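# Got a sequence here, can you model it:
(4 chains)
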Protein chains: 2
Amino acid sequence: MKTFTLPPLLGFGGSGQARMATATIKDVAREAQVSVASVSRALNGGRGVTAETSQRIREAATRLRYMPHAAARMLITRRTNTIGALLPDLYGEFFSELIRGIDLAARARGLHLLVSSSHDDAAAAAVALRAMQGRVDGLLLMSPHADAAFLRQNLPHDLPTVLMNTRLAGDDYCALSVDNDGGARMMVEHLLAIGHQRIVFIQGPPGNRDAGERELGYREALVSHAPDSPVIMLRGDFGEESGYRAGQEVLGMRPRPDAVFAANDMMAIGCMAALREAGICVPEEIAVSGFDDVPMARYVTPPLTTIQVHIAELGGQAMELLGEQIDHPDQVMTGIHRRVAAKLVVRGSTGAAPG
Amino acid sequence: MKTFTLPPLLGFGGSGQARMATATIKDVAREAQVSVASVSRALNGGRGVTAETSQRIREAATRLRYMPHAAARMLITRRTNTIGALLPDLYGEFFSELIRGIDLAARARGLHLLVSSSHDDAAAAAVALRAMQGRVDGLLLMSPHADAAFLRQNLPHDLPTVLMNTRLAGDDYCALSVDNDGGARMMVEHLLAIGHQRIVFIQGPPGNRDAGERELGYREALVSHAPDSPVIMLRGDFGEESGYRAGQEVLGMRPRPDAVFAANDMMAIGCMAALREAGICVPEEIAVSGFDDVPMARYVTPPLTTIQVHIAELGGQAMELLGEQIDHPDQVMTGIHRRVAAKLVVRGSTGAAPG
DNA sequence: ACTCAACATGAAAACGTTTACGTTGCCGCC
DNA sequence: GGCGGCAACGTAAACGTTTTCATGTTGAGT
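Purely as a prediction, here's the structure:
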């Protein structure tokens, strides 16, 4: 079998930068004088190959700058080593932190990350979902329009999936979301603890899950810790403007509330603007607090007391959960529903901390 | 050839949710009574197939919910229809906008997006770069440590690549960056136009490309429009703290500067804090301006005059450029270097606008 | 010395596509 | 009526892996 056939596509001649097409496993096999099977074994598990042949193969591989062809491996292995993240139109810190958390956890598992973001409507999300078919081993899904029907329609039922912050609780899928409820309770307890009695809540957009849970936490905390305090709601939509309007409404209330808890930071900031314009001092006359701990929160005057959620952790834990699901496909994990903790950050706007 | 062999893995029985493994092209071929070649033809170009057979094939495909196996296609086609984005550790709005721009442009071209983010050092970036080998048709690369040597070392020379905001100008690669220079000039011209004479510049971190270009723009504008105005530099590092310290230095200067131009918004905000503490009114006594137009810029008091760069456009244009390169591999496009425009946003901190 | 297990290795099948190349059947033209 | 050409379609060869199976080869146990 000694033939004179040179490696067909590899360097011609000797020194250095010869233009070479990417080497395949066959080239490595020839270079190391073994069969392709041995190369595969040596480079993967390393079992079933002598230490010295393995060594020789490894050397040949690096010499040829061999990189296994991803597609070929996927084809036979039926694993892509890639997970997909389907995300809605997200902005700012939230998005970047989420991706960071996912990416880090994925990299730790040796997985690649295929992202598809900015889906405004269900149709766009469905298209993106289909396009990911077969390119990913699992799916991280955060979508406001991901109701049960949508999922059953568009999701391959055998694809491991973890839902993040979605409406439907963990009946058929794994899910993970931020502890809105607990966070809101903490905030109300804080406000009560520093002596406030009449706490008004500025709601988020109707139908929004996060907003709803935060409202729930507010109600729960009141009934369990201060059953005599009134439940006062104002409409909002997470926008700064709506917070401003809510602030104006607060001004007209008699007796005047002594604290405002907005369902997110932007509304809290808008609310503070309205109060300031009316000459009301925060926190002396009215305490104000928000939710999210956006970067801006510590820069407004006074700095905003708020609830911090570790978004990167949301992404990271979701990735962990997905990884488990991928590694143990038989194990039933549907129905698991975890929450990532929220943390109270006390700043000047509730008067309990100097800065 | 009429046999009774049922499609082996497909539904057993009839109605609805029968558990089925994913259908392959063979299943479709059998279902439509044609060869696999015809299926491929019908589903791709559609040439070389009768309209009616094509129709029949298409029906069979949808009936079986056929989705071509991505890996198999990649293997034979040698195209992944995926582009990779290698990004450093980015935060907040910048990151999310960049991804949004890239993602949208990629989707418009039918390309998937593989991201790898959060690379602090060159080693991590190199690993990530290698891992993307063969999984992508092109690369979008933004990396502070992407010098020429690094690229030549780790980048397959035949992989279309577009550099974003990197140090080395377009000698060997396509590059794209924000017009720091032009933006800074615009800002200085604005400050001069409203009557300021002594404009101090707060520098960014040494070695930072963006910071350097902004400083250059500042110098250029001064020499060309106000050669008599002094060039005054203060050290900074893009952090709010450093802006605060710079602000304190400004306070001690005699004659006192009448305007501050910080290399980014956070430093401008820090600077304003220092001035406020000293009882100096912005913009009446000293005007302050920044660069970036971070979301916070419009919420500080007074709202910050700054330079807005359309980050999404940076990503989108980079993707466009990369797409061109992928579609026309022979065409030499190395050396192209585009800049995305910057825009002056005048707000209260330079006193030229009410709010 | 003979058997049997254990082990290193190679040959070849499989994964699901695309595509170059044949093969047919049909039509028009001489 | 034979012949060339064209269009539709099928056959089979690739693509680069992993993995099963078969085949030595060795070493230990009797």
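# all helices for chain A, in order.
For chain A, the helices defined by DSSP state H occupy A:25-32, A:36-43, A:51-63, A:70-77, A:92-108, A:122-132, A:148-154, A:180-193, A:209-225, A:240-252, A:265-277, A:311-327.
# Between those helices, which has the poorest mean confidence score?
In terms of mean pLDDT, the lowest-scoring of the helices of chain A is helix A:148-154 (a mean of 79).
# Could you list every helix and strand that that helix packs against?
Here helix A:148-154 touches helix A:122-132, going by 3 or more C-beta pairs under 8 Å, 6 or more residues apart in numbering or on different chains; DSSP states H and E. (Each C-beta comes from the backbone N, C-alpha and C, glycine too.)
# Would the helix it packs on count as contacting DNA strand C?
No. Using C-beta under 7 Å from any atom of the strand, helix A:122-132 stays clear of DNA strand C, coming no nearer than 13.9 Å.
# Show me what that helix is in contact with.
The contact list for helix A:122-132 (C-beta atoms under 8 Å, 6 or more residues apart in numbering or on different chains) reads A:84, A:86, A:88, A:114, A:116, A:119, A:139, A:143, A:145-146, A:150, A:153-155, B:67, B:107, B:112.
# which of those are buried?
A:84, A:86, A:88, A:114, A:116, A:119, A:139, A:143, A:145-146, A:150, A:154-155, B:107, B:112 (16 or more other C-beta atoms under 10 Å in any protein chain shown).
# With distance to B:E189 added, can I get the helices of chain A in TSV?
TSV is the format used below for these (distance: least, C-beta to C-beta, whole Å):
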stretch	distance to B:E189
helix A:25-32	60
helix A:36-43	60
helix A:51-63	56
helix A:70-77	51
helix A:92-108	30
helix A:122-132	42
helix A:148-154	52
helix A:180-193	47
helix A:209-225	44
helix A:240-252	31
helix A:265-277	32
helix A:311-327	40
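# is it true that A:V115 touches A:L87?
Yes. Using C-beta atoms under 8 Å, A:V115 is in contact with A:L87, at 6.8 Å.
# and A:R41, what is it in contact with?
A:47-49.
# The residues you listed also near DNA strand C: which ones?
When contact is defined as C-beta under 7 Å from any atom of the strand, those meet DNA strand C at A:47-49.
# what comes up buried for stretch A:33-48?
By 16+ other C-beta under 10 Å, the buried positions in stretch A:33-48 come out as A:34, A:38-43.
# If we check DNA strand C, which of those are in contact?
Answer for the buried residues of stretch A:33-48 near DNA strand C (C-beta under 7 Å from any atom of the strand): A:34, A:38, A:41.
# closest to chain B among the residues you listed?
Of all those, chain B sits closest to A:R41, with 20.7 Å by C-beta to the nearest C-beta.
# Can you tell me how far that closest one is from A:P206?
Distance, A:R41 to A:P206, by C-beta to C-beta, to the nearest Å: 60 Å.
# Check the burial of A:E240 by counting its neighbours.
For A:E240, the count of nearby residues is 19 (other C-beta atoms under 10 Å in any protein chain shown).
# One more: the one 3 residues further on?
Residues lying near A:G243 (other C-beta under 10 Å) number 30.
# That one reaches A:C271, doesn't it?
Yes. A:G243 lies in contact with A:C271 (C-beta under 8 Å); the separation is 4.4 Å.
# so what's in contact with the two at the same time?
Residues touching both A:G243 and A:C271 (C-beta under 8 Å, 6+ apart) are A:202, A:262.
# How about the residues of the stretch 1-150 of chain A by DNA strand D?
Counting by C-beta under 7 Å from any atom of the strand, the residues of the stretch 1-150 of chain A close to DNA strand D are A:24-26, A:36-37, A:39-41, A:43-44, A:66-69, A:72-73, A:75-77.
# how does it look with 10 Å?
Residues of the stretch 1-150 of chain A lying close to DNA strand D (C-beta under 10 Å from any atom of the strand) are A:8-9, A:21-29, A:35-45, A:48, A:61, A:66-79.
# Would you work out how far apart the start and end of stretch A:277-289 are?
18 Å (C-alpha to C-alpha, to the nearest Å).
# That one vs chain B: in contact?
No. Under the criterion of C-beta under 8 Å from any C-beta of the partner chain, chain B is not reached by stretch A:277-289; the shortest gap measures 12.0 Å.
# Count the neighbours of A:I76 for me.
11.
# How about A:G195?
The burial count assigned to A:G195 is 11, neighbours taken as other C-beta under 10 Å.
# Against B:A146, how distant is it?
56 Å.
# Next, A:T24: phi, psi?
Dihedral pair for A:T24: phi -110, psi 180, per degrees, to the nearest 10.
# Now do the contacts for the closest residue in space to it that isn't next to it in sequence.
Nearest non-adjacent residue to A:T24, counting by C-beta to C-beta, 6 or more residues apart in numbering or on different chains: A:H69, 6.9 Å away. For A:H69, the contacting residues are A:22, A:24, B:75, B:134, by C-beta under 8 Å, 6+ apart.
# Residues of the stretch 101-250 of chain A that sit close to DNA strand C?
A:G134.
# what about whichever residue of the stretch 101-250 of chain A sits closest to DNA strand D, neighbour count?
For the stretch 101-250 of chain A, the residue closest to DNA strand D is A:G110, as judged by C-beta to the nearest atom of the strand, at 13.3 Å. Close neighbours of A:G110, defined as other C-beta under 10 Å, add up to 9.
# May I have the residues that are in contact with it?
By C-beta under 8 Å, 6+ apart, the contact list for A:G110 reads A:N81.
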